[in-house]
Every structure is written in structure tokens, then in C-alpha cells.
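Peer 1: dropping the sequence and predicted coords here.
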Amino acid sequence: MLGPGRLTGVFYSTFAKTNFLLHEAISVFDIFKIGIGPSSSHTLGPWQAARRFAGMLKDKGILPNVTKVRVLLYGSLAKTGKGHGTDIAIQLGLCGEDPVTFPVEQVGSRINDIASMQKIILLGLHEVEFDPREDIESLITESLPYHPNALTFLAETIDRASIAETYYSVGGGFVVKEGEDLSDKEEVDLPFPVNTADNLLHWCRKTGMSIHEVVLENESSWRNEIETKQGLLNIWEVMKSCIYRGCYTAGMLPGGLQVKRRAFELNKRLLAGKSVSSYNEWMEAISSGGNGFKYTLDWVSCFALAVNEENASFGRVVTAPTNGAAGVVPAVLQYFVTFCDGNDDEKIIQFLLTAAEVGSIFKKGATLSAAMGGCQAEIGVSSAMAAAGLTEAIGGNQRQALMAAEIAMEHHLGLTCDPIGGLVQVPCIERNTMGAIKAITASQLALQSTPDYAKVSLDAVVKTMWDTAVDMHLKYKETSDGGLATNVPLSLPEC
Ligand code: SF4
């Protein structure tokens, strides 16, 4: 089979979006992954790629003989990698650290140590000379054809042999190695294979099950039901902690843009002097304020701001489906828990299962990568996921849930990715508040509608999103070469 590096971008696009004979099996835990901010494609993906490369050196017995490691960044990773922490992620990945468990408060000190000693310990086992300023090179005028987020790892050994591997970070933290057999992913046999919304509805009709039940059955191909449910509640724990931490952390965001954290002040204002010492007390305090429109709206914004400020500060977040859009699903789920009587483990699990399936349909039929499709692929998809999850958790039927997802994406079509200074801050953080509010509105609209009369199906909007992605000018695809990134007079200090 052809390796992805040998496919042209256009050919691959056609191949990937029309070959539905292959039922790609994507688990809910591929969509919701615990990691560190600020970007799933520019931080989490390169981190995993670096770990895989170092792991390959160890597995092949090469590691003890390595004298030098270099990394080349291409395309979008080269253009916005610095602001997205790609260099930091690569170093931690080469060290063998796990983004799920690495203590976020140690990121800065570990990176400073590598820079000052000019040495890195590969997988914590083998030390080599490494100067991050020289050994991670951004080739901003070069792109590889398979995907704009490409990086090549090069290792030299004591006997002057050279080993190279190229990886592609294809969005949402997913990584593909050049030459990897794409059919490897097809091996999991799902009871209800789904590539499109139509497939999903087919299984729902045939079995009488709701969306989350179909997804739960499919998840049983990987693990038992108890493990899936515990895993999802753990995902919710990480999301909750992130919201709470973001609401109680003041100060400026890193990166030089001088962006002030806003969730802290907003939380304080909305609590109006009520003091709390735990997440549960905080929830009670919020609930005691009622559910007036402006009050609820402010809290949804506050939840979303909190997550994405944590994300921008290299905090622990869950990709949903990406890091840049990590605030939408938690904000809407927190809204459901706090303002819709949703504080019930089963309902929370249902919300996440349904949301993940919608994310997976967009990954299969379009993209989760801003470097391929602009921000519609991040905030648009997260809003569609949240809308569907909320609708089913509230009691809407399967078609209403998919209608909600369709409405949410329909009004994000064409949204470009133009982060100022290459940082996941402006417009990204506020954009999560918009994605969350649109998800809630889309859900309400769907719950008040009869899907029989809908003019646009979810599959039609997935295809439209992909067509728009293909037509979108390159400068709006996570390059910071267009849009707000070039029209706002903010500049970063040279570093
Ligand atoms: S503009 Fe959107 S897609 Fe681009 S980095 Fe920000 S959140 Fe991600």
C-alpha cells in the first residue's frame, strides 16, 4: 500500500473522503484524549510523534548508539509551532514523558533545564547533545504533500548511520507515520460500523437504540461497558477540574501577547461575594443564583473561557475534538449539569458518547485539523458535538440530536483559523464561548423542531464543510498569514 508521504494532497483528499468501503473504527477515547495545551495538532500530536520516534530507536536497539537528534518542522507546524508549543512538546516527547500524566507545573522547569544544559535524555535513558534553538528547525517555506502538519525526526549514531522518520499530525492529536499502512486501523470489528450520520440513523432505526446506546455497543469492541463508563467519568473529572482551575487562576497568559485571563474576574463577579472551597460548593453557589438568561449566558462563557485559558497556559485539558476547541464541550456539559438538572453520571456518559460519535463522523467525512479546514474543523465540530450530546441528554430523539449537530456546524461553515502571533489565544479563547452558545441554541432549535422538515442533513453539512475546507485559502489554515493575525496591530517580542 502507498505510504501517505507518497500521496499528493489532492489525491489523498479524494481518497480519504470517498473510500467509505473502509469503516474506520474510532473510539470515544480517540476523540476525548487527556493531554496538555495549547494545541492537539501542534502540541499533542508532535509530542506523541516524538515519543514514537524515541520508542522506535529503543525497540530497534539503536538508542544507546545515538549521538545526535534533530527535528525538522514543515508547513503549519513551522509557521505557528512556536506559538503553539510544538518545540516544547517535541522535547518532552523525546524525553519519553506522557502528556496524560506529566505534571503541567513542571513543563517550564524541564524545558529550561534542557536549554541551559544543551542536553536531552532520550526516554530518560540516553543523554545526547541537544540545543532546541538549533536542533528543532522550522522550514517555513516548505510543506510536505500529505498534510500541512509534518515533522521529520533525524537521529545520527556513533557509526555515522542516519535514521529518519516523518510523521503527520492530522488533527485532534491523531498522528500518522509516513509509510504506515492505513489499513491497520480497520482491524477492530464494530457491531455497528458508522462512517456517516445516515449509517448511524440506520443502526438506530434497525435496533431501536438511541445514539449513545449504539456508540456504547461499539465501544465494547475495545473494552467492557464498566471500563468505558469509568473512562468517560474520568474524562468528565478532568474537564471539571480544568473549568474550576481556570476560574480560580488569575494573571496573564504566556506568549507575549499580554492577554489577561478573564474567567477569574467573571467568576468572582458572578459569585457576588459567595466564598467556596471546593468544586461542589462552587456548583451549589452557582445554582443558588437561579437560571436567568443573562446569568446562565455569563456562566457558559465563563466555563468556556476558563478551559481555554488553562489550555493556553499549558494546562491539563481534554481534546474535544481538539485543544483549541477544548472549551466548548465542557462548557455545554457543565451548563447541562448545572442549569438543566443534568448532575447524573448516566446522563453525563450519554452526553459524551453522543458528542464523540458526531466528532468521529466529521473526522471521517471531513477533517478535525485547522491546518486542513480552518476553524470550522475545530470550533465548528466541537459545537456540533456539544449540540448533539446536549440534545440527546435532555431527551431529544436521535434525529433531533443529529439535526442539532447539523445546525451548529451550518453556522460555523467557512470559519477561518487566524490566531494572532500563532498563539492559541486570540480569537481562540473567545471563540469557544461562541461555539458553546451556538451549541445550546442549536439544541434548543432542534428540540423545538420536527426533523422531517429539515432541509439540510448532517451528512450534507459534513460534505459542505469538507468542500469549503478544500476551497479555503491556505493563509486561513493555521498559518497566521491572514485574517486577524495580519490585521491586528499586536506584535510579539523577538525570541
Ligand atoms: S482560530 Fe480556531 S482553529 Fe485556529 S488555533 Fe484558534 S481555535 Fe484553533
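Peer 2: On my side now, so go ahead.
Peer 1: longest helix in the chain, by residue count?
Peer 2: Ranked by number of residues, the top helix in the chain under DSSP state H is helix 225-247.
Peer 1: give the next helix or strand downstream of it.
Peer 2: The element immediately downstream of helix 225-247 (helix or strand, assigned by DSSP states H and E) is helix 263-271.
Peer 1: for that next one, packing partners?
Peer 2: In this structure, helix 263-271 makes packing contacts with helix 225-247, helix 279-287, helix 293-312, judged by 3 or more CB pairs under 8 Å, 6 or more residues apart in numbering; DSSP states H and E. The C-beta positions use only the backbone N, C-alpha and C, and glycine is treated the same way.
Peer 1: can I assume V71 sits in a strand?
Peer 2: Yes. Counting by DSSP: H, G, I helix; E, B strand; the rest coil, one finds V71 located in a strand.
Peer 1: thinking again about what came up before, flag every buried residue along the longest helix of the chain.
Peer 2: Counting neighbours by 16 or more other CB atoms under 10 Å, one finds that the buried residues in helix 225-247 are 228-229, 231-232, 235-236, 238-240, 242-247.
Peer 1: closest to G171 out of the helices and strands packed on helix 263-271?
Peer 2: Put simply, out of the helices and strands packed on helix 263-271 the one that sits nearest G171 is helix 293-312, at 15.7 Å, with distance taken as CB to CB.
Peer 1: using PDB, list the CA coordinates for the closest one.
Peer 2: Taking C-alpha atoms only, helix 293-312 is exported to PDB below (Å, rounded to 0.1, in the frame of the first residue of the first chain):
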ATOM      1  CA  PHE A 293     -30.900  34.200  30.700                       C
ATOM      2  CA  LYS A 294     -28.000  36.700  31.200                       C
ATOM      3  CA  TYR A 295     -26.800  34.900  34.300                       C
ATOM      4  CA  THR A 296     -26.800  31.500  32.500                       C
ATOM      5  CA  LEU A 297     -25.200  33.000  29.400                       C
ATOM      6  CA  ASP A 298     -22.400  34.600  31.600                       C
ATOM      7  CA  TRP A 299     -21.700  31.300  33.300                       C
ATOM      8  CA  VAL A 300     -21.500  29.300  30.000                       C
ATOM      9  CA  SER A 301     -19.000  31.900  28.700                       C
ATOM     10  CA  CYS A 302     -17.100  31.700  32.000                       C
ATOM     11  CA  PHE A 303     -16.800  27.900  31.800                       C
ATOM     12  CA  ALA A 304     -15.500  28.100  28.200                       C
ATOM     13  CA  LEU A 305     -13.000  30.900  28.900                       C
ATOM     14  CA  ALA A 306     -11.700  29.000  31.900                       C
ATOM     15  CA  VAL A 307     -10.900  25.900  29.900                       C
ATOM     16  CA  ASN A 308      -9.200  27.700  27.100                       C
ATOM     17  CA  GLU A 309      -7.200  30.000  29.400                       C
ATOM     18  CA  GLU A 310      -5.900  26.800  31.000                       C
ATOM     19  CA  ASN A 311      -5.200  25.400  27.500                       C
ATOM     20  CA  ALA A 312      -3.300  28.500  26.500                       C
END
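Peer 1: sorry, back to before: what angle separates the longest helix of the chain from helix 293-312?
Peer 2: Inter-element angle recorded for helix 225-247 and helix 293-312: 100 degrees (by axes from the mean of the first three to the mean of the last three CA atoms, to 10 degrees).
Peer 1: avg pLDDT for stretch 75-85?
Peer 2: Stretch 75-85 shows a mean pLDDT of 93 in the predicted model.
Peer 1: so, in contact with the ligand or not, that stretch?
Peer 2: No. In this structure, stretch 75-85 remains apart from the ligand according to CB under 6 Å from any ligand atom; the gap is never smaller than 7.6 Å.
Peer 1: so what's the gap between that stretch and the chain middle?
Peer 2: Averaging C-alpha coordinates over stretch 75-85 and over its chain gives two centres that are 16 Å apart (CA atoms, centre = their mean, to the nearest Å).
Peer 1: same check on stretch 435-449?
Peer 2: Here stretch 435-449 shows a centroid-to-chain-centroid distance of 22 Å under the convention CA atoms, centre = their mean.
Peer 1: buried stuff in it?
Peer 2: Neighbour counts using 16+ other CB under 10 Å place 435-447, 449 of stretch 435-449 among the buried residues.
Peer 1: now the helices and strands packed on helix 263-271 as a markdown table including distance to the ligand and mean pLDDT?
Peer 2: Putting the helices and strands packed on helix 263-271 into a markdown table (distance: least, CB to the nearest ligand atom, whole Å; pLDDT from 0 to 100) gives the following:
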| stretch | distance to the ligand | mean pLDDT |
| --- | --- | --- |
| helix 225-247 | 16 | 98 |
| helix 279-287 | 26 | 98 |
| helix 293-312 | 8 | 98 |
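Peer 1: closest to T207 out of those helices?
Peer 2: In terms of CB to CB, the element of the helices and strands packed on helix 263-271 nearest to T207 is helix 225-247, at 16.1 Å.
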